[in-house]
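> Below: sequence and its predicted model.
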Amino acid sequence: MMMATASKLVAIDEEFESDDSDTATLTYALERTAISSFQQTRHRVPKAELAEAVARGRCEPSRPSRSGRKRFKVTHKGMVYIVDETKRHAIKSWSLLADVAAIEDAALAPDQSFGIHAVFMVDHSGSMRKSDVSGYSSRTEAVYQSLINEFLEPQLALLGESDLLAKAVVSLVTMSSESEILLKRHPLTESLRDELDSLSQSRACYHGHYLPALDLLEQLLVADGHQASRVMVFWLSDGQESDHIKEVCALHEVPVWTSTGNCTRLGRPALHACASARMCRQAIRNDIRKRCLAKVQRLGDLVGRDTLSFSTVAFGPADEDYALLKAMGNKLPKGGFQKLGLEAHKLGLAFTSLTSTLTTMRTELGPGVKLTPNKMKQKQAAAESTDDIDWDIYLLHDRTLRRKYTYSRTHWRFENAPFESGANGVAMQTSYFAAGAERLAFACKEVRASGFTAETVGMPLVAKEACHKEQLADVKFHHRMAEMQARAHELADRFNDRVKHLVGVEEAAAMTINFAPCVIYEVYDDKYDYHNNIAWIFAEPHLEGRFHKWNNNAGKIYPRQGKADEMTAVRLDLKNDERITLDDVPQAFSHFTHSVTGGRELVCDLQGVWNAEDGFELTDPAIHHDDNDRRSRSMHRTDRGSAGVAKFAETHKCSSLCRSLGLEAFPQPGLLDLSSPVTTTT
């Protein structure tokens, strides 16, 4: 039967080659039969499907036709296409999946569809029990608590905007001697926090095997049935793979990586040996690594290289061998590798970058206003600075730097701003390190350039560029941000004055609200596709300290109560003998802004750093304006108008500070009348 089938395939192939018609196409559908043979069916591959595969799939040379014509093999989203040299006509195609029927049975129902699938692959090997991460009882606890605080919490803050964002789900696979799917397409809800919190206390054990985890990952993603527009895989391990432990060498069939039960003279476990043990052990390791990389490549072929991002993270000792992790992270076009050591703050930054990317994706794929991603800059986020990261440098003397200016809170207009002493230019990294809903964040510094060298001058800055092309050519986008930040600062000054009168100058220092001053650089750049080669760089000082968000623009509050840090240890005495925590200050400031403006504005989305001497240094605020005050509406997507004020009122609980400032409590939810001004005691 196999010989007959093969003869028929050859005959049909020759028939196709003799046909010069542009519309002549053949496809072969792979079906599981007793002899695993191909059963051909004659039909056309849709042009759109083939065009997508050629544009986004993996293309490699295929065996030429009998007449010597070139052919190519294109693999994309679980299908393989053999195409002619023009890549416009499919000669044959088949599925990569061995059991099509089984996959279709496992596929999700249409009503279970979602936009983004985030999958966390977490090492649960015995070494994750070690208590060598400052502030945590184990590496496992550090991972899951960082996942909750830096990834999940920002996503939960968006629950009030879920109707404007693409739906996202989370899966989690653990890696040990046997891998297990602990969470399968869990929605981003409050219950997910409890699931992850319980996992932070789980006991890691045994070895960390990669191959079984990759097999489970494939099952999970294939069952999605291409319903996810984006798939993000985040693979975290504290060491090298352990799959080689039980393998036997091909030459001698000896388990050369298995312990004999004895020890060497150096006290290390003695391993079984064969005639060429060292060579066989290395051959096994090489084979394991090749199989892992092949599985990663297969995932890209099955899901789509344009759909799947595959990032790997090394969270373990700096001297560990992470060669395979690095190779896996670099295997697909959308991926990367980060080596974090055992520093919890770097792990937090990695999760922060991931949640920023997810937020951007949810915004772009959501049902709200569609904007075009800004692809003129490199899109691989730089988790930490390295010496080989490129910089774009703009200088005054060659006119690539045209102007530096800021929004004056004295004259309420844009005015030229001075450079740092000796500076004659500005440098901005080409790779961003974080992404928000509207802007990308880049490392930035002013420089003093001479000849072909430039040295940095002054303090480090954070440059922010629009995420979407429509806003790149719109200087008003940055102007509105500068004006909004200046307005927030003006209200903060009034708040600070009131607090000083209330508690005294010395005590008020820790309660001071400040917003980072911002400047705008106008530059000429013909390297990227800027409109008329003119671009604007919005920059502000880099905030030093532990970054925290106290509230958002949808009424969500993020207290730091119970966390062991300097901030929550502070208690402030008011003159009326009442006490508050510093967590109360940002919430009282938001309440104050609504009161002092007569209900026309409310400053929220308060985020930044704090220290006892400088107080709060905040950035990127949002201001809700009364719906009736159209002239003041900021036109920013973060301005939710009266609805945003109502959301704040629903969750705000007045503290002693609110009462001491004479702020009237918001009416009960459902009774808030936003049409009448709110008075305040002076």
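Nice, thanks for sending it over.

> What about residue 172? Give its phi and psi, please.
Dihedral pair for residue 172: phi -140, psi 130, per degrees, to the nearest 10.

> Return the residues in contact with it.
119-120, 122, 181-183, 186, 196, 199 (C-beta atoms under 8 Å, 6 or more residues apart in numbering). (Each C-beta comes from the backbone N, C-alpha and C, glycine too.)

> How about it: which residues does it bridge to?
residue 120, residue 183 (DSSP bridges).

> returning to what we had before: reformat the contacts of residue 172 into a markdown table and put pLDDT, neighbour count and distance to residue 646 next to each item.
Formatted as a markdown table, these follow (pLDDT from 0 to 100; neighbours: other C-beta atoms under 10 Å; distance: C-beta to C-beta, whole Å):
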| residue | pLDDT | neighbour count | distance to residue 646 |
| --- | --- | --- | --- |
| 119 | 96 | 25 | 36 |
| 120 | 96 | 23 | 35 |
| 122 | 95 | 25 | 39 |
| 181 | 94 | 16 | 40 |
| 182 | 94 | 18 | 38 |
| 183 | 94 | 17 | 34 |
| 186 | 93 | 16 | 30 |
| 196 | 93 | 22 | 31 |
| 199 | 91 | 20 | 36 |
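
> Now do residue 434 against residue 351, distance only.
11 Å (C-beta to C-beta, to the nearest Å).

> So which of these two has more stuff around it?
A direct count of neighbours by other C-beta atoms under 10 Å for residue 434 and residue 351 places residue 351 higher, at 23 against 19.

> before we move on, back to that, which of the contacts of residue 172 lies closest to residue 414?
residue 120 (45.0 Å; C-beta to C-beta).

> and that closest one, what does it touch?
Contacts of residue 120 (C-beta under 8 Å, 6+ apart): 147, 170-173, 234, 236.

> now do residue 260
Contacts of residue 260 by C-beta under 8 Å, 6+ apart are 269-272.

> Same question for residue 204.
123-129, 138-140, 176.

> can you tell me how far it sits from residue 233?
On the measure of C-beta to C-beta, residue 204 and residue 233 end up 20 Å apart.

> biggest separation within the contacts of residue 204, which pair?
Going by C-beta to C-beta, the pair spanning these furthest: 138 and 176, at 14.5 Å.

> now the helices for the stretch 401-550 of the chain?
469-472, 475-503, 505-508 (DSSP state H, counting those that start in this stretch).

> Let me have those in TSV, extended by mean neighbour count, mean pLDDT and distance to residue 461.
Shown next, in TSV, are these (neighbours: other C-beta atoms under 10 Å; pLDDT from 0 to 100; distance: least, C-beta to C-beta, whole Å):
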stretch	mean neighbour count	mean pLDDT	distance to residue 461
helix 469-472	17	73	19
helix 475-503	19	92	14
helix 505-508	12	81	28
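
> how about TSV for the ones you listed, with distance to residue 406 added?
Shown next, in TSV, are these (distance: least, C-beta to C-beta, whole Å):
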stretch	distance to residue 406
helix 469-472	20
helix 475-503	7
helix 505-508	26
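
> Looking at the contacts of residue 204, spot the one nearest residue 604.
residue 140 (35.0 Å).
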